[in-house]
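Visitor: I would like the atomic coordinates for the input below:
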Amino acid sequence: MNCLQSWPEPIVRVQSLAESGIRTIPERYIKPISDRPFTNDTPLLTNKHENIPLIDLQHLLSNDRTLRSQTLSSISKACREWGFFQVVNHGISPELMRSALEVWRDFFNLPLELKQEYANEPRTYEGYGSRLGVEKGAVLDWSDYFFLHYLPTSLRKESKWPALPPSLRELVAEFGAEVVKLGGRLLKILSTNLGLEEDYLLNAFGGDENVGACLRANIYPKCPQPDLTLGLSPHSDPGGMAILLPDTNVNGLQVRRNGNWLTVKPVPNAFIINLGDQIQVLSNGIYKSAEHRVIVNSAKDRVSLSFFYNPKGDLLIEPLKQLVTKERPAQYKPMTFNEYRLYIRTKGPNGKEQVESLKSYT
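Guide: You can find the predicted model right below:
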């Protein structure tokens, strides 16, 4: 972990850059031509009517067995073919969702000197940050964030959470408790759809007492040259599952679909669910983590909350034995989640390179 003790260069807050009135972005944020949005090499999906699957979780409580079966089937298909879907009627109140998003928007709008009190470092990433990865000279993303641990409770340090706005700590605790319940519920559905006992994946994560959960509040400031940079570079999430609360007023999330980039259209009061690399490994490639990125806007800031539901850090993650057969041998080499996420903390986001590197060809 010595390589993660400090940032290689002085940290510049992107929001401060955006608010300074610059008309051209610094060179360190300009992506190579092949990686820029809106170019012929990275076209948007041409079907304007396609969106990631939308699933009503209320149907799972229906007395209509056909409707319940169809909903389970829709989730299974989304996990196998997309790695992304949206859920509505998930049990979390719209008021809490709005309050959680707004309190973080208020935090990012605080004076810089107040936010700087929570400046992070790469060993844990906990706190107020502006870059991923510690490679010197890396091309940076156009975003700032605040990262905090929620579970296990041994890692939760609420004193490191922002004290302003005054309601933030209480809202984070309440919001986190509800999202953890949703994550556990979804994990049971994924497990059942794989033909396993409903608690199997949860136990593979370490069980209720050991599951990891963390929150990254993101701000993607308005950008004078959004065609030259990205809010977040292409990547698949290294953890188990991400539960995203998006800004429904400004689109920004894009998912790679059949070689093109699809701009996700968020549904009001919905969460966007995406599977991470650990689920892909545990399912032996039956479920897919999806490559995604974030584009930025020339006129508006965008705030989102990414809640990550992860395995216990020191557990060995490998394809589940029930999903390994002669016809489908184990496709991935074992690795702990702590070892796995060190890669992105060192190099930053880099497509699906990391999970592909785990593939076993023996």
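Visitor: gap between residue 5 and residue 123?
Guide: Separation of residue 5 from residue 123 (CB to CB, to the nearest Å): 6 Å. (Glycine included, C-beta is placed from N, CA and C.)
Visitor: Could you check which of the two has the larger neighbour count?
Guide: residue 123 (14 against 10; other CB atoms under 10 Å).
Visitor: Tell me the secondary structure at the more buried one.
Guide: Using DSSP: H, G, I helix; E, B strand; the rest coil, the structure places residue 123 in coil.
Visitor: what's the spacing between it and residue 345?
Guide: Taking CB to CB, one finds residue 123 at 9 Å from residue 345.
Visitor: what's the answer for residue 215, then?
Guide: From residue 215 to residue 345 the distance is 17 Å (CB to CB).
Visitor: okay, the two: which has more neighbours?
Guide: residue 215 (23 against 18).
Visitor: Which SSE is immediately downstream of the strand or helix carrying the more buried one?
Guide: Secondary structure assigned from DSSP states H and E places residue 215 in strand 212-220. Downstream of strand 212-220, the next assigned helix or strand under DSSP H and E is strand 232-235.
Visitor: Which elements pack onto the helix or strand following that following strand?
Guide: Next helix or strand after strand 232-235 toward the C-terminus (DSSP H and E): strand 241-245. Secondary-structure packing of strand 241-245 (3 or more CB pairs under 8 Å, 6 or more residues apart in numbering; DSSP states H and E): helix 94-108, helix 168-193, strand 271-275, strand 302-310.
Visitor: Find the centremost residue of the chain, please.
Guide: residue 242 (4.5 Å; CA atoms, centre = their mean).
Visitor: Please name the residues that touch that one.
Guide: 273-274, 276, 306-309 (CB atoms under 8 Å, 6 or more residues apart in numbering).
Visitor: Could you figure out how far the strand holding residue 215 is turned away from helix 168-193?
Guide: 120 degrees (axes from the mean of the first three to the mean of the last three CA atoms, to 10 degrees).
Visitor: got the buried residues for strand 212-220?
Guide: Neighbour counts over strand 212-220 (16 or more other CB atoms under 10 Å) mark 212-220 as buried.
Visitor: that older thread, check the contacts of residue 242 against residue 163 and report the nearest one.
Guide: Distance to residue 163 across those (CB to CB) is lowest for residue 307, with 21.1 Å.
Visitor: List the residues that contact that closest one.
Guide: Contacts of residue 307 (CB under 8 Å, 6+ apart): 150, 176, 179, 183, 213-215, 242-245.
Visitor: and the two most separated of the residues you listed?
Guide: Maximum distance among the contacts of residue 307 (CB to CB): 15.0 Å, for 150 and 244.
Visitor: Residue 351 belongs to a strand?
Guide: Yes - assessed by three-state DSSP, residue 351 belongs to a strand.
Visitor: Can you name the residues bridging to it?
Guide: Residue 351 has the following beta-bridge partners by DSSP bridges: residue 235.
Visitor: Residue 277 versus that one, what's the distance?
Guide: Distance from residue 351 to residue 277, by CB to CB: 12 Å.
Visitor: Give the intersection of the neighbour lists for these two.
Guide: In contact with both residue 351 and residue 277: residue 236, using CB under 8 Å, 6+ apart.
Visitor: quick one: which of those two has more around it?
Guide: Using other CB under 10 Å, the more surrounded residue of residue 351 and residue 277 is residue 277, with 28 against 15.
Visitor: Hmm, that one is touching residue 355, no?
Guide: Yes - between residue 277 and residue 355 there is a contact under CB atoms under 8 Å: 4.2 Å.
Visitor: re earlier: what's the closest of the helices and strands packed on strand 241-245 to residue 81?
Guide: Nearest of these (CB to CB): strand 271-275, 11.3 Å.
Visitor: between the closest one and helix 168-193, how many degrees?
Guide: Going by the same axes, to 10 degrees, strand 271-275 makes 50 degrees with helix 168-193.
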